[in-house]
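[1] predicted model and sequence below, questions to follow.
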Amino acid sequence: MCGIVGYIGKRDVAPLLLEGLQRLEYRGYDSAGVVITGPKAAGLKMVKAKGRVRDLEAKVPARFKGTTGIAHTRWATHGAPSDENAHPHMSGDNKVAVVHNGIIDNADDLRAKLTADGVEFLSETDTEVLVHLVARSQADTLEEKVREALRLIEGTYGIAVLHADFSDRIVVARNGSPVVLGIGEKEMFVASDVAALVSHTRQVVTLDDGEMATIKADDFRTYTTSGTRTTANPTTVEWEAESYDMGGHDTYMHKEISEQPDAVDRVLRGRIDDRFSTVHLGGLNLDAREARTIRRIKILGCGTSYHAGLIGAGLIEELARIPADAEPASEFRYRNPVVDPDTLYIAVSQSGETYDVLAAVQELKRKGARVLGVVNVVGSAIARETDGGVYVHAGPEVCVVSTKCFTNTVTAFALLALHLGRIRDLSVADGKRVIEGLRRLPGQIQEILKQEDEIKKLAKRYADAKSMMFIGRVRGYPVALEASLKLKEISYIHAEAYPASELKHGPLALIEPSLPTVAIIPDDDLLEKNRAALEEIKARSGQILAVAHQEQEKADHTIVVPKNEPELDSILMGIPLQIFAYHTALALGRDIDKPRNLAKSVTVE
Ligand code: F6R
């Protein structure tokens, strides 16, 4: 999705902005642009380019000097990727420049009115209406000009505005799209994602929806869109700048897959209470008495986070015996759901900014529900909107497709399920057993990572498949869903996931030698049933790659994973299939970290 970065201070601004844009590249984009000014710069100077940040860099002239500027990476929504449609957008008199993330819903109406008033539009974007609205405002201050413009627009935005007549400041605003201020020494930064800031400062202020800010080199203030001052509480970003580097790996995905032993160790750290065979989850804000009154749990997330939620629901039912299910947040928010006072809602999001999840949380809160978050990014919108929750502590995930965040989210759900279970009916002995299982996870993930070479060979073997089937039963089914998503996202091979029990109700018709099946077969009480599914596939000459705790006779190949406690096996069984998807995509020459048409955090509808 689009990215914003801005700076005001004493340093040469263009290289800082370009570096910031590079740090936002992982979010996915199709064009980029930068506008600068400064005490010695006459007016605003702008450069834009379709393509990558390096294409923009190549277009920046040598004498492109200034000390204040805003920049953007654009993900096309209104109008094709082009130099004209790239942000920033500038007013006809070259005085106002705006970068914008989000979507202005009433852009067409505003454009028609402005055009009728004689305004000439240079792009097809929704953002350009905002520029003209700011430029036409008769207000005395930049803050008031922006406020007046925002009053006229409907939709979502994270914006940064630069004005040649007010070059000592940048005005920013947020409604549904993240804006973070970075506080430096006599310099200030702004960005849509801390990734663009952390190499300069880790002191940040995250704006709330409906909040604006004015940043100057040595000062900043925050206020609402109606002008009331708000209190800004700076926080320290815990992630180091180095965590955003590739660290010797060829891709972020590879790096993030291999970080999983440490990441899982982090989600467990400081939380296990051996004395009572339970875990402490500091930010849950749910005491034992309240936890006992929960009648149902509903988990909401999108994509991979939804899949993690499905595993989470299974863990909660198994360990805490509370009825639980998961649903895509994107569907939930549109079906006027019955919001039950005895249901605990849990929003799952790696980024904490996914619009569909945030909108579902806001709808639930409006209806008086209690909503917890299972989130990776500390201080993100969903983390702040929810009543409490569990941070998954995976560290920054840069690759567009999620790997370590998925594993950590599922592990966080295991902690939550254990916590709720021990408040309810889970015995001390079972609590202890699960804790021992959790402690074994990092070492077992390490063992799986050691099989990379063999998995790579398998990936090469299956890479010419046009389509693949993924099957699993009960605990294995969400693993199959996630593995199939991983494969299709980065390799572009069509993949379907089905409960193994459903094969004979339809999808078996697809099985033939050219459609391989990946089967998740834990050594649990459904092992024999799963083996029967393999028989059915073999009888139709289908090829089978099994992920199992022991070699599967009916499978053509088996990836053997270490066995943990049955409830925790799903955490491990997805990992070899992340490696499998990775090497399949590599064999096919795909752009693994930035798969086509996808963005890292989907902050628009
Ligand atoms: C897939 C993937 C996406 C995200 C989804 C939700 O690999 O990463 O499916 O899981 O867009 O994002 P978050 O978790 O940030 O809410």
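    Sure thing, it's come through. Numbering: from 1, shown residues only.
[2] what does the pLDDT read for the residue in the stretch 451-600 of the chain that the ligand sits nearest to?
    Minimum separation of the stretch 451-600 of the chain from the ligand (C-beta to the nearest ligand atom) falls at residue 489, amounting to 5.5 Å. All C-beta atoms are positioned from the backbone trio N, CA, C, and that covers glycine. At residue 489, the predicted lDDT confidence score is 96.
[3] pretty sure it sits against residue 595.
    Yes. If you go by C-beta atoms under 8 Å, residue 489 and residue 595 touch, sitting 5.3 Å apart.
[4] give me the residue from the protein nearest the ligand.
    Counting by C-beta to the nearest ligand atom, the chain gets nearest to the ligand through residue 303 (1.9 Å).
[5] how many residues are close by the residue lying closest to that residue once chain neighbours are set aside?
    Distance criterion C-beta to C-beta, 6 or more residues apart in numbering; nearest residue to residue 303, sequence neighbours excluded, is residue 485 at 6.8 Å. Using other C-beta atoms under 10 Å, residue 485 has 21 other residues around it.
[6] re the thing from before, what does the residue of the chain closest to the ligand show for phi and psi?
    Note on residue 303: its backbone torsions stand at phi 60, psi -130 [degrees, to the nearest 10].
[7] distance of it relative to residue 583?
    Distance of residue 303 to residue 583, computed by C-beta to C-beta, to the nearest Å: 22 Å.
[8] do the same with residue 23
    Where residue 583 is concerned, residue 23 sits at a distance of 27 Å (C-beta to C-beta).
[9] got it, and residue 16?
    Distance from residue 16 to residue 583, by C-beta to C-beta: 37 Å.
[10] which residues does the residue nearest in space to the middle of the chain contact?
    Closest to where the C-alpha atoms of the chain average out (C-alpha atoms, centre = their mean) is residue 351, at 3.6 Å. Counting by C-beta atoms under 8 Å, 6 or more residues apart in numbering, residue 351 makes contact with 376, 377, 380, 600, 601.
[11] mind listing what's buried in the biggest helix by length in the chain?
    If you go by DSSP state H, the chain has its longest helix at helix 428-449. Residues of helix 428-449 classed as buried by neighbour count (16 or more other C-beta atoms under 10 Å): 430-431, 433-435, 437-438, 440-442, 444-445, 448-449.
[12] likewise for stretch 313-324?
    For stretch 313-324, by 16+ other C-beta under 10 Å, it's 313, 314, 315, 316, 318, 319, 320, 322, 324.
[13] convert it to CSV, retaining C-alpha atoms only.
    Taking C-alpha atoms only, stretch 313-324 is exported to CSV below (Å, rounded to 0.1, in the frame of the first residue of the first chain):
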residue,chain,number,x,y,z
ALA,A,313,-10.2,-20.9,17.8
GLY,A,314,-9.3,-24.6,17.8
LEU,A,315,-6.8,-24.1,20.6
ILE,A,316,-9.3,-22.2,22.7
GLU,A,317,-11.9,-24.9,22.3
GLU,A,318,-9.4,-27.7,23.1
LEU,A,319,-7.7,-26.1,26.0
ALA,A,320,-10.3,-23.8,27.5
ARG,A,321,-13.4,-25.6,26.3
ILE,A,322,-15.0,-22.3,25.3
PRO,A,323,-16.9,-22.4,22.0
ALA,A,324,-14.8,-20.4,19.6
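[14] contacts for that stretch?
    Contacts of stretch 313-324 (C-beta under 8 Å, 6+ apart): 294-299, 312, 325-326, 410, 413-414, 416-418, 420-421, 423-426, 430, 434, 474-475, 478, 567, 570.
[15] buried only: go through the residues you listed for me.
    Looks like the contacts of stretch 313-324 have 294, 297-299, 312, 326, 410, 413-414, 416-418, 420-421, 423, 426, 430, 434, 474-475, 478, 567, 570 buried, using 16+ other C-beta under 10 Å.
[16] in helices, which of those residues fall?
    Per DSSP H, these map to helices at 312, 410, 413-414, 416-418, 420-421, 423, 430, 434, 478, 570.
[17] parallel or antiparallel, which strands does the helix or strand hosting residue 214 pair with?
    Secondary structure assignment for residue 214, by DSSP states H and E: strand 211-216. Partners of strand 211-216 in the sheet, by DSSP bridges, are strand 170-175 (antiparallel), strand 219-224 (antiparallel).
[18] from those strands, which stretch is densest packed?
    strand 170-175 (a mean of 26; mean count of other C-beta atoms under 10 Å).
[19] same question for that strand, mean pLDDT?
    96.
[20] what does stretch 514-530 give?
    94.
[21] can you check stretch 283-293 too?
    Rounded mean pLDDT across stretch 283-293 is 93.
[22] hmm, back to that, quick check, the residue nearest to the centre of the chain in a helix?
    No. Secondary structure of residue 351 (DSSP: H, G, I helix; E, B strand; the rest coil): coil, not part of a helix.
[23] and the pLDDT at it?
    The predicted local confidence for residue 351 is 91.
[24] returning to that earlier point: quick one: the strands paired with strand 211-216 as TSV, columns for distance to the ligand too.
    Shown next, in TSV, are those (distance: least, C-beta to the nearest ligand atom, whole Å):
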stretch	distance to the ligand
strand 170-175	18
strand 219-224	25
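[25] need those strands in CSV with distance to residue 183, can you?
    Formatted as CSV, those follow (distance: least, C-beta to C-beta, whole Å):
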stretch, distance to residue 183
strand 170-175, 14
strand 219-224, 7
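[26] quick one: which of those strands is nearest residue 102?
    strand 170-175 (7.3 Å; C-beta to C-beta).
[27] around the ligand, pick out the residues from the stretch 251-400 of the chain.
    With C-beta under 6 Å from any ligand atom as the criterion, the stretch 251-400 of the chain comes near the ligand at residues 302, 303, 304, 305, 349, 350, 351, 354, 357.
[28] list the contacts of the third one.
    Residues counted as contacts of residue 304 (C-beta under 8 Å, 6+ apart) are 350, 401, 402, 405, 406, 482, 485, 486.
[29] 7 Å instead, please
    Residues near residue 304 by C-beta atoms under 7 Å, 6 or more residues apart in numbering: 402, 406, 482, 485.
[30] check the secondary structure at the first one for me.
    I take that to be residue 402. Applying three-state DSSP: residue 402 is coil.
[31] thinking it is in contact with residue 348, fair?
    No. Taking contacts as C-beta atoms under 7 Å, residue 402 lies outside contact range of residue 348: 11.1 Å.
[32] picking that back up, residue 228: which of the ones in helices among the buried ones among the contacts of stretch 313-324 is nearest?
    After measuring these against residue 228 - C-beta to C-beta - the closest member comes out as residue 416, at 37.3 Å.
[33] contacting residues for the residue nearest to residue 523 when sequence neighbours are not counted?
    In this structure, residue 523 finds its nearest non-sequential neighbour in residue 549, 3.8 Å apart by C-beta to C-beta, 6+ apart. By C-beta under 7 Å, 6+ apart, the contact set of residue 549 is 522, 523, 560, 561, 563.
[34] what's the local residue count around the fourth one?
    Per other C-beta under 10 Å, the neighbour tally for residue 561 reads 25.
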